[in-house]
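**Q** quick one, structure for this:
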Amino acid sequence: MVVNDNACLLRKRVVLTFFASKLAPTRVHHQPDRFYMTQALIELSDLGFSWPGHPPLLDIPAFRLEPGETLFLKGPSGSGKTTLLGLLGGVQKPDRGSIRLLGQELTELGAGARDRFRVDHTGYIFQQFNLLPFLSVRENVELPCHFSRLRAERAIQRHGSVDQAAATLLAHLGLKDENILGRRADSLSIGQQQRVAAARALIGQPELVIADEPTSALDYDARENFIRLLFAECREAGSSLLFVSHDQSLAPLFDRNLSLADLNRAATPFEV
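**A** Below is the predicted model of the structure:
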């Protein structure tokens, strides 16, 4: 139970630190143009992590995610999926090993720099969506652009304004009624909240979109429809998609599918 509690705390910390990053961009080495990258978007090597007082949770010798790739990552509850996402986002630091995103070694950055790097380059769709209930739909979608100058500039360059970027993304994801933009997020249906969460993750064209069990509350037809919309938006933005789920029926929709147990040498026999 301690490990599960730690995972819950980690999930909460991802939400808080994602929206607590400072406006100043991360001072890291120059990155090549995203559409001409030949390097992996994500590259892990000899990655190890364990919670204090517990056996190793993750032991991943190697992993790559390519630019523009859609990847389905399967794993049961307690297998370390949420912890891995926290490591990829720089919320946690590994006990050992390398985590490179866009060529930047995350383990070499301090906590504040990792936060800023994350908000500049990664969009998250959380399992519970984590919309801010006191903000409007539009305000929720635009939130990353208030914390990342880079994403705000990309939104303006592509759509003319951050407001228009939010409206266009929502329309592409099936929320075309302009009246919905001013509604409070907590007044929406589950399906509508899901689309708002996706638009928030996609605004400003982050290179990486991470989706953590975002379709668990939907029936199969609704899940497949949402994923196809998400694919279309990621493709248009040039974003890679790392989609984490235990629902194997969705795997054939993706470019590639993996089981965390196949990557993780610390997996238990039950997980394999």
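**Q** so R200 sits in a strand?
**A** No. Read with DSSP: H, G, I helix; E, B strand; the rest coil, R200 is helix and lies in no strand.
**Q** what about the closest residue to it other than its chain neighbours, distance to H121?
**A** Excluding its sequence neighbours, the residue lying closest to R200 (Cβ to Cβ, 6 or more residues apart in numbering) is V141, at 4.9 Å. No exception for glycine: its C-beta is placed from N, CA and C like everyone else's. Note on V141: its distance to H121, by Cβ to Cβ, to the nearest Å, is 18 Å.
**Q** what's the burial count for the nearest residue to R195 once chain neighbours are set aside?
**A** Spatial nearest neighbour of R195, excluding adjacent residues (Cβ to Cβ, 6+ apart): L173 at 4.3 Å. Residues lying near L173 (other Cβ atoms under 10 Å) number 22.
**Q** quick revisit: neighbour-wise, which of V141 and H121 wins?
**A** Applying other Cβ under 10 Å to V141 and H121 shows that V141 carries more neighbours, namely 31 against 24.
**Q** helix or strand for that one, which one?
**A** helix 137-147 (DSSP states H and E).
**Q** counting by contacts, list what that helix packs against.
**A** When contacts are defined as 3 or more Cβ pairs under 8 Å, 6 or more residues apart in numbering; DSSP states H and E, helix 137-147 sits against helix 149-159, helix 162-172, helix 190-202.
**Q** quick one: the longest one to chain centroid distance?
**A** On the basis of Cα atoms, centre = their mean, to the nearest Å, helix 190-202 is displaced by 12 Å from the centre of the chain it belongs to.
**Q** can you tell me the strand partners of the following helix or strand past that helix and which way each runs?
**A** The helix or strand immediately downstream of helix 190-202 is strand 208-212, counting by DSSP H and E. Strand 208-212 has the following strand partners under DSSP bridges: strand 122-125 (parallel), strand 240-245 (parallel).
**Q** between helix 190-202 and strand 208-212, find me the angle.
**A** 150 degrees (axes from the mean of the first three to the mean of the last three Cα atoms, to 10 degrees).
**Q** centre of the chain versus strand 208-212, how much separation?
**A** 3 Å.
**Q** so what touches the helix or strand just after it?
**A** Next along the chain after strand 208-212, taking DSSP H and E as the criterion, comes helix 220-237. Contacts with helix 220-237, where a contact means Cβ atoms under 8 Å, 6 or more residues apart in numbering, come from 68, 70, 169, 172-174, 191, 194-195, 198, 202, 205-206, 209, 211, 214-215, 218, 239-241, 243, 247, 249-250, 253.
**Q** all set now, cheers.
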